[in-house]
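Trainee: Just to be clear, the model below is a prediction. Sequence and coordinates:
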Amino acid sequence: MKDLFDKIYRDKGPLGKWASQAEGYFVFPKLEGEISNRMKFQGKEVITWSINDYLGLANHPEVRKVDAQAGADYGSAYPMGARMMSGHTDMHEKLQTELADFVDKEAAYLLNFGYQGMVSTIDALVAKDDIIVYDVDAHACIIDGVRLHMGKRFTYKHNDIESLEKNLERATKMAEQTGGGILVISEGVFGMRGEQGRLKEIVALKEKFNFRFFVDDAHGFGTQGKTGAGTGEEQGVQDGIDVYFATFAKALASTGAFIAADKEIIDYLKYNLRSQMFAKSLQMQLVVGALKRLDMLKNMPELKNKLWENTNALQSGLRKRGFDIGTTQSCVTPVYLKGSIPEAMALVRDLRENYGIFCSIVVYPVIPKGLILLRLIPTATHTLEDVNETLDAFDAIRERLENGTYKRLSASVAAAMEN
Ligand SMILES: Cc1ncc(COP(=O)(O)O)c(C=O)c1O
């Protein structure tokens, strides 16, 4: 009989197999210093384009002050226990009311983490006879939520309304047999490529099909819409979203998340969300901190304006210089280049070591073979100087990619590793 751990000793998994070459540099890098546009990587200053601190709240002096005071007032334990048992407070309720008001829903409920909250909300919304239809490019937390579902599920092609319609037809036929309902799930903003989910067109399909719509707006909350209330506001269809989700881990620069919906739906979820019923309540320091951040999001529009000024400067600069930034409709800024994985590694090393630019890199199997995706996340803390320095660096690395410098460099690294 096999030892359970055999597979672990044999192979660390699709990402883990790169550990010896990538760990500490391409994965698990240590960014040091205060969270801002410039941080330290391996002792050197880098312009940071890989942190979702969209509004620059992470290290804002007012936020730091409130976080510190809340730490002094409550410590990190309070309240103890799950919300249902002993971990409920006025402040949790206050934050929920303010969040619900802000995203224009009747009620909201707090989640300890976005990821497990999404998994749990999907789990609570569907029964065995229900059918889930979701975008194939969905975030891992949606995929994991769907994995818990005991009934049928269909994916539709990414942001493809025709494909969604076809799958809704299939789902409708199936639901008529099972006697269940249909849940459609999309992201508000897709975090990898930056496209907005086609929420308006999806909501319009409610005229033709009977379904409920759940939106994960992790990247849209605080960045999209006139007031920052998210992608539903941006597209004018917040009403058509039945359950709205956002995390505090991006624009609010904290930990925690929430769902918002009609009161009756939230009342149901609060008694059925296993991740909240059987886990400790969101700690008070985070609740107080989120109230402060939400207040700043509502009352300091200059933060979102600065974010978009930087986003526009970065995206138009890249386009003007002939870079392919795909079809982004958000602050998420992907730059697509052509090259192999070893070339991508040499290129990123050059960017970090010689140009002081730190951004995330995505390669096959996440995107098609032969493509390199550099992902830049602008924030309100960046300056136009950061943008211009980055644009010049990108010109330089593109030239070196095209003239074969990285191919030569990666070949010599590969040869050295073999010897
Ligand atoms: C689309 C999306 N949903 C959910 C999450 C999870 O949020 P959290 O970090 O609060 O667990 C993320 C964060 O990476 C995300 O990008």
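Mentor: All right, it came through fine. Just so it is clear, the structure is predicted and the values come from calculations on it, not from any experiment. Numbers count the residues shown, from 1 in each chain.

Trainee: Tell me the spacing between the residue in the stretch 1-150 of the chain that the ligand sits nearest to and Thr121.
Mentor: Among the residues of the stretch 1-150 of the chain, Gly114 lies closest to the ligand, at 2.4 Å counting by CB to the nearest ligand atom. Where you see a C-beta, it was placed from the backbone N, CA and C, and this is true even at glycine. As judged by CB to CB, to the nearest Å, Gly114 and Thr121 stand 10 Å apart.

Trainee: Looking at these two, which one has more neighbours?
Mentor: Taking other CB atoms under 10 Å, Gly114 and Thr121 do not tie; Thr121 has more neighbours (28 against 23).

Trainee: Beta-bridge partners for the closest residue to the residue of the stretch 1-150 of the chain closest to the ligand other than its chain neighbours, please?
Mentor: Spatially, and ignoring its direct neighbours in sequence, Gly114 is nearest to Thr247 (3.3 Å; CB to CB, 6 or more residues apart in numbering). Beta-bridge pairing for Thr247 (DSSP bridges): Ala257.

Trainee: one step back: now for Gly114 and Thr121: what residues contact both?
Mentor: Jointly contacting Gly114 and Thr121 under the rule CB atoms under 8 Å, 6 or more residues apart in numbering are Phe245.

Trainee: In contact with Thr390, which residues are there?
Mentor: Ile47, Trp49, Leu314, Ile357, Leu376.

Trainee: what about 10 Å?
Mentor: 47, 49, 314, 317-318, 351, 355-357, 359, 376, 378, 382 (CB atoms under 10 Å, 6 or more residues apart in numbering).

Trainee: Can you say which of these are buried?
Mentor: Buried residues within the contacts of Thr390, counting neighbours by 16 or more other CB atoms under 10 Å: 47, 49, 314, 317-318, 351, 355-357, 359, 376, 378, 382.

Trainee: Just the ones of those residues in helices?
Mentor: Using DSSP state H, Leu314, Gly317, Leu318, Leu351, Tyr355 are the members of the buried ones among the contacts of Thr390 that sit in helices.

Trainee: Please identify which pair of the residues you listed lies farthest apart.
Mentor: With CB to CB as the measure, no two of these lie farther apart than Gly317 and Leu351, at 16.1 Å.

Trainee: surely the residue nearest to Gly114 meets Gly230?
Mentor: No. Applying CB atoms under 10 Å, one finds Thr247 not in contact with Gly230, separated by 11.4 Å.

Trainee: tell me which parts of the stretch 151-300 of the chain are close to the ligand?
Mentor: Contact residues (CB under 6 Å from any ligand atom) of the stretch 151-300 of the chain with the ligand: Glu187, Gly191, Asp216, Ala218, Thr247, Ala249, Ala257.

Trainee: change it to 5 Å
Mentor: Within the stretch 151-300 of the chain, the positions adjacent to the ligand are Gly191, Asp216, Ala218, Thr247, Ala249, Ala257 by CB under 5 Å from any ligand atom.

Trainee: Same check on the stretch 1-150 of the chain?
Mentor: Phe113, Gly114, Tyr115, His139, Cys141.

Trainee: of those residues, closest to Tyr156?
Mentor: Checking those one by one against Tyr156 (CB to CB), the nearest turns out to be His139, at 15.4 Å.

Trainee: Let me know how buried that closest one is, in neighbour terms.
Mentor: 20.

Trainee: With His219 instead?
Mentor: For His219, using other CB under 10 Å, the count is 29.

Trainee: Go ahead and confirm it touches Glu234.
Mentor: No. Between His219 and Glu234 there is no contact under CB under 10 Å: 11.7 Å.

Trainee: circling back: relative to Leu4, which of the ones in helices among the buried ones among the contacts of Thr390 is nearest.
Mentor: Closest to Leu4, out of all of those and judged by CB to CB, is Leu351, at 41.2 Å.

Trainee: And the protein, split by domain according to the record?
Mentor: According to automatic domain parsing, the chain comprises the domains 9-48+301-418, 61-299.

Trainee: want to throw those into CSV with mean pLDDT?
Mentor: Output for the domains of the chain, formatted as CSV (pLDDT from 0 to 100):
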stretch, mean pLDDT
domain 9-48+301-418, 92
domain 61-299, 98
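
Trainee: could you pull out the strands for the stretch 151-300 of the chain?
Mentor: Ranges of strands in the stretch 151-300 of the chain, per DSSP state E, counting those that start in this stretch, are 152-156, 182-187, 212-216, 243-247, 257-261.

Trainee: I'd like the ones you listed laid out as CSV, including mean neighbour count and distance to Tyr25.
Mentor: Output for the strands of the stretch 151-300 of the chain, formatted as CSV (neighbours: other CB atoms under 10 Å; distance: least, CB to CB, whole Å):
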stretch, mean neighbour count, distance to Tyr25
strand 152-156, 19, 34
strand 182-187, 25, 29
strand 212-216, 25, 30
strand 243-247, 27, 27
strand 257-261, 28, 30
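
Trainee: Count residues in the vicinity of the nearest residue to Gln196 once chain neighbours are set aside, would you?
Mentor: Closest residue in space to Gln196, ignoring its immediate chain neighbours: Gln329 at 4.5 Å, by CB to CB, 6+ apart. A total of 16 residues lie near Gln329 under the criterion other CB under 10 Å.
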